[in-house]
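Asks: model this:
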Amino acid sequence: MLQIKNTTILHKKDLRTLLENFSLVLNDGDKAVIIGEEGNGKSTLLQWIYHPQLIADYCEVTGERIFINQKPGYLPQELPFADHEKSIYDYFTEEPMFTEHTPKELSRMAGIFGFSVDFFYRDQCMKTLSGGEKVKTQLLRLLLSEPDILLLDEPSNDLDLKTLEWLESFILNWKKIVLFISHDETLIEHTANVVIHIEQIRRKTQCRHTIAHMSYESYRQERFRKFENQARMAANDRRDKKLREEKYQRIFQSVEHAQGSITRQNPAKGRLLKKKMHAVKSMEHRFAREDEHMTEMPEEESAIFFKLGDKNSKIPEGKTVIEYSLEKLYTPEQETLLAEDIHIVLRGSQKLCIIGTNGVGKTTLLHKIAKQLLSRTDIRAEYMPQNYEELLNADMTPVEFLDVTGEKEIRTKIRTYLGALKYTAEEMDHSISQLSGGQKAKLFLLKMSLSGADVLILDEPTRNFSPLSGPVIRQILKEFPGAIISISHDRKYITEVCDKVCTLTRHGLEYV
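Replies: Next up, the predicted model:
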């Protein structure tokens, strides 16, 4: 059993409460997903549960975490920087339980993840693995430690479709506790039986959480019904309030008018009107007490909304955006052949998605395509890399990253846009290094919007957006009037946004 009691988490810099009086009990068989918008403290909560010291530098926490004879295992959202230069062999041998497993057991586990048994003993540097390979490697080492409780921060990030299906099956068949964060709606829909929803409402000045022991789809429907009923009741209460106020004003004005026209020769009528005015005042107080019990309008942390592109972003249907050929695709170090005979043709406002197994070279290929498109002058291309730090300066603030002019008017405009993307005034002045993955992704999308791009090159564009923002982001990209070349393992993105899908294999691109 995992128990959390009366926990409150306060962000030191902003003095913003991320979570208040949070209590939770999970038992074996529970598959609990934490959802919420970017920057709401999901990863912070998961890290605190695993080891409070992980967030001690930037958060103050009161409360208890209790493990009853169970060992937690934690998968971080990103490979820790300290592990980047380690060889794969060194990375695994740092897990004490690694040497306790027999070669047969290691071979079986490697096979589950699509690795050969010699993978454990490679000298290859961890940072050279693909995004999906890094996730699988971390998860594999985690399982070698034989944990009882799995704390998984974005385990689905960058995994290929086959491994995603395996991950779903793995979570469903895990007999003990899984507490995870994911932005993959399909994974959540297929696995979660407990939903923990963390929200920041009233412009991030108030936190709220909901714990629902049900599937994600049931939670969404229940939440929608609850909000709809509350909104209807609130509207009825406000309509009744308006009728009460109109009635009060008619009576008050009638009595006030009568008092104003009474003469001194009629003191009896004056006393009567005075009593009547007293009754009117009593009515006002009664109505005020009734107003105190009015149903509040439901407060929801709304998903972000903005538009990508305009009429100038529209590309003529006959225009060739790119006609790209590559005889051989190697790893960035030119050591390993990944694929050959690659040909891509994209015209007009087509939206292409490249899929394929982890490590096949999708990101390497997209980087080459981006280099060519960004150098063109007949189109305006923008690139979102899988590793945001390729183009983000961690020491900059969001405003500094987006502002290329230094003009006060432009900075004011940028702050307005950031506010629309749910950044607080404090977060606009944070260094980028302090932002969540979703907040960093928003910076790229806003940069694309401000630049007037007509071609977008996107490596896993939806990977860091919450399940609630996901449908909005997909709709924005679907309605983008220009062309998109992307990589994704997001099954909803592939089916809802892309009109061309191809698989990168060792022998080139195969169109689905």
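
Asks: Spatially, what comes nearest to Gly39 if we skip its sequence neighbours?
Replies: Spatial nearest neighbour of Gly39, excluding adjacent residues (C-beta to C-beta, 6 or more residues apart in numbering): Ser436 at 4.7 Å. Any C-beta I mention is one placed from the backbone N, CA and C, and that applies to glycine too.

Asks: Before we move on, what's the pLDDT of the residue lying closest to Gly437 once chain neighbours are set aside?
Replies: Among residues not flanking Gly437 along the chain, Asn464 sits closest, at 3.7 Å (C-beta to C-beta, 6+ apart). With respect to pLDDT, Asn464 scores 85.

Asks: Asn464: neighbouring residues, count only.
Replies: Counted with other C-beta atoms under 10 Å, the neighbours of Asn464 add up to 21.

Asks: list the contacts for Val512?
Replies: Applying C-beta atoms under 8 Å, 6 or more residues apart in numbering, we find Val512 in contact with 355, 501-503.

Asks: is it true that the residue nearest to Gly437 touches Glu38?
Replies: Yes - Asn464 is within contact range of Glu38, at 7.0 Å (criterion: C-beta atoms under 8 Å).

Asks: Name the residues contacting each of these two.
Replies: Counting by C-beta under 8 Å, 6+ apart, the common neighbours of Asn464 and Glu38 are 436-438, 441.

Asks: Keep only those of these that are in strands.
Replies: Using DSSP state E, no member of the shared contacts of Asn464 and Glu38 sits in strands.

Asks: now these as TSV including distance to Glu189, neighbour count and pLDDT?
Replies: Below are the shared contacts of Asn464 and Glu38 laid out as TSV (distance: C-beta to C-beta, whole Å; neighbours: other C-beta atoms under 10 Å; pLDDT from 0 to 100):
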residue	distance to Glu189	neighbour count	pLDDT
Ser436	23	19	80
Gly437	21	20	82
Gly438	20	23	82
Ala441	22	24	89
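
Asks: Which one of these is nearest to Lys408?
Replies: Comparing the shared contacts of Asn464 and Glu38 against Lys408 with C-beta to C-beta picks out Ala441 as the nearest, at 27.1 Å.

Asks: any idea how far Met448 is from the closest one?
Replies: 11 Å (C-beta to C-beta, to the nearest Å).

Asks: who touches both of those two?
Replies: Residues touching both Ala441 and Met448 by C-beta under 8 Å, 6+ apart: Met384.

Asks: Now do the same for Arg208: helix, strand or coil?
Replies: strand (DSSP: H, G, I helix; E, B strand; the rest coil).

Asks: and Val497, what does it touch?
Replies: Neighbours of Val497 in contact, by C-beta under 8 Å, 6+ apart: 351, 353, 474, 477-478, 484.

Asks: give me that answer again for 7 Å
Replies: Applying C-beta atoms under 7 Å, 6 or more residues apart in numbering to Val497 gives the contacts 351, 474, 477-478.

Asks: Name the residues of the worst-scoring helix or strand of the chain on mean pLDDT that are buried.
Replies: When the helices and strands of the chain are compared on mean pLDDT, DSSP states H and E, helix 267-292 comes out lowest with a mean of 75. Within helix 267-292, the residues scored as buried using 16 or more other C-beta atoms under 10 Å are 273, 277, 280.

Asks: same question, stretch 141-155
Replies: Neighbour counts over stretch 141-155 (16+ other C-beta under 10 Å) mark 141-144, 147-155 as buried.

Asks: how far is that stretch from where the chain is centred?
Replies: 21 Å (C-alpha atoms, centre = their mean, to the nearest Å).
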